[in-house]
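Participant: A structural model of the following input is requested.
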Amino acid sequence: MDQSLFTYDIIAEDPKTHARAGVLHTPHGDIETPIFMPVGTRATVKGVPWETVKDLGAQIVLSNTYHLAMRPGADLIDEMGGLHSFMNWHGPILTDSGGFQIFSHSDAVKLSDKGVRFIATDYDGSHVFWSPEDNMAIAQKLGSDICMQLDQCIGYPAERRDVQRAMDLSSRWAERCYKAHTRPDQALFGIVQGGMHLDLRIKSLERLEEMGSFPGYGIGGYSVGEDHETMFESLEPLAAEYMPKGKPRYLMGVGNPTTLVRGVACGIDMFDCVLPTRTGRMGTAFSSEGRLNFRNARFAHDGGPVDPQCTCPVCTGGYTRAHIRHMVTVKEMLGGILLSMHNIYYLLDLMRRARQAIIDGTYSEFVNDWMASPAAKDY
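Facilitator: From the prediction side, this is the model:
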């Protein structure tokens with residue numbers, strides 16, 4: 001990796017929390033943090049054109065290595081000029097390792113130091129083997145700006161010995177990914193594992209730091225069945241006290257608004273989650289009133305916008321709650337698309353406002369105001 005292509009500048013730190021505002025430089029553009037990354041799992045945010053995603057304020061998007069490797073295949077994407085060209089998004093892209101998706105196959109997975117063997121039951125049922133080196137070869141063909149190491153993500157609850165075993169394996173795989181990754185215009189992030197055990201998380205981080213100069217770190221293995229308070233018991237000290245200060249910190253797979261607000265206070269810089277689009281397609285929306293379920297009959301005669309405090313194109317474009325509810329109940333796909341657009345904007349705007357509060361030195365007040373508001377009832 002060309003270190004000069006991937007640098008992270010911290011421009012402000014909140015005096016009362018661990019929140020910081022920064023700029024992550026990549027070959028396809030700068031990213032102002034803290035930031036939420038909309039998820040385009042299969043090289044598209046479901047139902048939302050890329051020009052719209054950009055207009056909503058997205059600076060970086062995420063795609064999934066497992067799904068893209070299964071279909072259409074990394075070789076085809078490479079042939080088409082890489083992921084930026086293939087999906088027609090020319091800003092920064094992060095690709096995850098696909099490890100979470102692999103291990104969701106459960107009984108169809110066999111692990112060893114060499115790698116992971118699994119059955120692609122959600123595709124053609126083929127038997128597939130991935131080593132860390134295979135995973136890096138796929139990531140480099142995809143050509144994202146940031147890729148993630150192959151890791152083992154274990155669910156919650158789990159016995160400590162199983163969590164430690166997964167952390168140890170992830171550490172060994174991280175070293176092999178680090179050695180195998182050679183693409184200069186792509187950054188490889190290590191992933192801190194260790195479940196809810198702070199000591200295991202610290203050990204995982206120390207091992208990654210000893211391997212070499214990862215330009216940033218993912219924090220994996222959260223939002224895997226535990227409640228949010230359990231997550232923050234180890235996440236807060238990990239991010240605030242142990243993570244390297246000069247590198248971006250990416251909390252993987254977490255996306256409800258309140259967790260983002262609290263995560264930023266801990267010192268997290270980057271977030272991603274399918275939640276805003278998945279829940280949008282299910283008929284629900286984030287709002288200043290908390291989460292809204294548009295299957296609820298109370299919206300049937302409501303002529304107001306989704307959220308009167310929101311300035312997204314849906315809320316300012318004349319779409320009423322009554323119309324949204326009608327589309328949701330009759331399964332008109334535009335309803336889910338509009339709610340997906342609103343939810344994406346809502347999280348992006350929340351991070352914009354959080355960033356400004358950090359710059360102003362008022363993030364502690366921002367958090368307190370948020371937690372006292374109806375918007376915090378979002379899950």
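Participant: any chance you could map the helices in this structure?
Facilitator: Assigned by DSSP state H, the helices in the chain fall at 50-55, 65-70, 74-79, 83-87, 99-103, 132-142, 160-180, 198-211, 228-237, 257-266, 275-281, 321-329, 333-360, 363-371.
Participant: With mean pLDDT and mean neighbour count as added columns, please give those helices in TSV.
Facilitator: All C-beta spots, glycine's among them, are computed from the backbone N, C-alpha and C. Putting the helices of the chain into TSV (pLDDT from 0 to 100; neighbours: other Cβ atoms under 10 Å) gives the following:
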stretch	mean pLDDT	mean neighbour count
helix 50-55	98	16
helix 65-70	97	23
helix 74-79	98	16
helix 83-87	98	19
helix 99-103	87	21
helix 132-142	98	23
helix 160-180	98	20
helix 198-211	98	18
helix 228-237	97	17
helix 257-266	98	24
helix 275-281	97	23
helix 321-329	98	20
helix 333-360	98	22
helix 363-371	98	17
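Participant: of all the ones you listed, which lies closest to E32?
Facilitator: helix 333-360 (6.4 Å; Cβ to Cβ).
Participant: Once you drop chain neighbours, what's closest to H105?
Facilitator: Excluding the flanking residues, the one nearest H105 by Cβ to Cβ, 6 or more residues apart in numbering is F118, at 5.0 Å.
Participant: any idea how far that neighbour lies from V128?
Facilitator: The spacing between F118 and V128, counted by Cβ to Cβ, to the nearest Å, is 6 Å.
Participant: who has more neighbours, these two?
Facilitator: Ranked by neighbour count (other Cβ atoms under 10 Å), F118 and V128 place F118 first, with 22 against 18.
Participant: And stretch 348-359, how far out from the chain middle?
Facilitator: Centre-to-centre, stretch 348-359 and its host chain are 17 Å apart (Cα atoms, centre = their mean, to the nearest Å).
Participant: got any ranges where the stretch 1-150 of the chain has weak pLDDT?
Facilitator: Filtered on pLDDT under 70, the stretch 1-150 of the chain yields no residues whatsoever.
Participant: 80 instead, please
Facilitator: Scanning the stretch 1-150 of the chain for pLDDT under 80 picks out 106-107.
Participant: domain parsing for this protein?
Facilitator: Using automatic domain parsing, the domain parsing of the chain gives 3-273, 274-365.
Participant: Export these as a markdown table, with columns for distance to A375.
Facilitator: Formatted as a markdown table, the domains of the chain follow (distance: least, Cβ to Cβ, whole Å):
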| stretch | distance to A375 |
| --- | --- |
| domain 3-273 | 7 |
| domain 274-365 | 5 |
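Participant: Among these, which comes closest to M371?
Facilitator: domain 3-273 (7.4 Å).
Participant: re earlier: could I get the helices of the chain as TSV with distance to C315?
Facilitator: Below are these laid out as TSV (distance: least, Cβ to Cβ, whole Å):
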stretch	distance to C315
helix 50-55	14
helix 65-70	31
helix 74-79	36
helix 83-87	27
helix 99-103	32
helix 132-142	35
helix 160-180	42
helix 198-211	39
helix 228-237	27
helix 257-266	16
helix 275-281	13
helix 321-329	10
helix 333-360	6
helix 363-371	19
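Participant: wait, which of these is closest to P313?
Facilitator: The nearest among these, by Cβ to Cβ, is helix 333-360 at 6.6 Å.
Participant: by contact count, what packs against the closest one?
Facilitator: Applying 3 or more Cβ pairs under 8 Å, 6 or more residues apart in numbering; DSSP states H and E, one finds that helix 333-360 contacts strand 7-13, strand 20-26, strand 35-37, helix 257-266, helix 275-281, strand 284-285, helix 321-329, helix 363-371.
Participant: chain center to stretch 14-27: distance?
Facilitator: That offset, for stretch 14-27, works out to 17 Å (Cα atoms, centre = their mean).
Participant: same thing with stretch 268-279?
Facilitator: Worked out by Cα atoms, centre = their mean, stretch 268-279 lies 5 Å from the chain centre.
Participant: Stretch 163-171 now?
Facilitator: Chain-centre distance of stretch 163-171: 21 Å, with Cα atoms, centre = their mean.
Participant: residues in contact with that stretch?
Facilitator: The list of residues contacting stretch 163-171 from outside it, by Cβ atoms under 8 Å, 6 or more residues apart in numbering, reads 111, 113, 149, 151-154, 191, 193-197, 200, 203-204, 207-208, 221.
Participant: hmm, try it at 10 Å
Facilitator: By Cβ atoms under 10 Å, 6 or more residues apart in numbering, the surrounding residues in contact with stretch 163-171 are 99, 103, 111-113, 116, 132, 149-159, 177, 190-197, 199-201, 203-208, 210-211, 220-221.
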